[in-house]
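[1] 3D, please:
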Amino acid sequence: MTTAAGAGGMAALAGCSGSKSDGGGGGSDNAGDKLPTYSYLNNPANYNPARHDAINLVGDQLKKVGLNTNVQVFEWGTLYTKITEEFNYSFATWSRGLGIDPGRRMPEQFHSSNTGKGQGNFTGYTNKDLDPKLMKQLQIKDEQKRIDMLFDIQKTLNEDVPMHPIVQMPNIVAYNSDQVSGWTDHIAGYFHFEPMTSVEVNNSKKELRGSWAETSAL
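    Numbers count the residues shown, from 1 in each chain. Presented below is the predicted three-dimensional model:
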């Protein structure tokens, strides 16, 4: 999984609710029931143009394979609530970062005890066989044993596909070298706290100012 590699990535998520059935029943036994209409939630173009365009592209591709997909745009606050609180969606594309230690956030995102509204497992994924492994890997002191266990967890997640990584975020940051020094390269990416532990600021207000920039690289 891209998002389990320690860097930030965009993952397409399959939601646990929000799809509406078109009905079914009316055809012959051989035809079967109609597929439901799937809601694919999108952010506004002015919030994150790259993600907005990527979602429209994926939505078009889902239609081409025969899925009746309705892409809906919501402002960020409403979008966040619908996905993490209301679970009112079928698909969403989300930017996720697991930091330098992917095992720390895996239980939050994939453990069956965290599927309640507002909790980290907002895809509704449950796997009772995986739950013990998600918690046990946090207690393993032997580095190689823990790495092997994390790979085993990733294999299960790749097979069950609660999240599917689609792009990797570029590890790029721009800063004013006249005001800021001490940045360190880090596998977790510059937007995590680890590369900032040695940063020194030289300006009149002693402030570290910045902005969050997102883009996607296929």
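[2] what's the helix or strand encompassing A54 packed up against?
    Secondary structure from DSSP states H and E places A54 in helix 49-64. Judged by 3 or more C-beta pairs under 8 Å, 6 or more residues apart in numbering; DSSP states H and E, helix 49-64 is in contact with strand 9-17, strand 38-42, strand 69-73, strand 89-96, strand 163-168. Just so you know, the C-beta spots here come from the backbone N, C-alpha and C atoms, and that holds for glycine as well.
[3] With distance to M149 and mean neighbour count as extra columns, can I get the ones you listed in JSON lines?
    Listed next are those as JSON lines, based on distance: least, C-beta to C-beta, whole Å; neighbours: other C-beta atoms under 10 Å:
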{"stretch": "strand 9-17", "distance to M149": "21", "mean neighbour count": "19"}
{"stretch": "strand 38-42", "distance to M149": "33", "mean neighbour count": "22"}
{"stretch": "strand 69-73", "distance to M149": "36", "mean neighbour count": "16"}
{"stretch": "strand 89-96", "distance to M149": "20", "mean neighbour count": "21"}
{"stretch": "strand 163-168", "distance to M149": "19", "mean neighbour count": "18"}
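[4] Quick check: which of those strands is nearest to D185?
    strand 163-168 (16.5 Å; C-beta to C-beta).
[5] where's the closest one relative to the chain centroid, distance-wise?
    With C-alpha atoms, centre = their mean, to the nearest Å as the basis, strand 163-168 stands 8 Å off its chain's centre.
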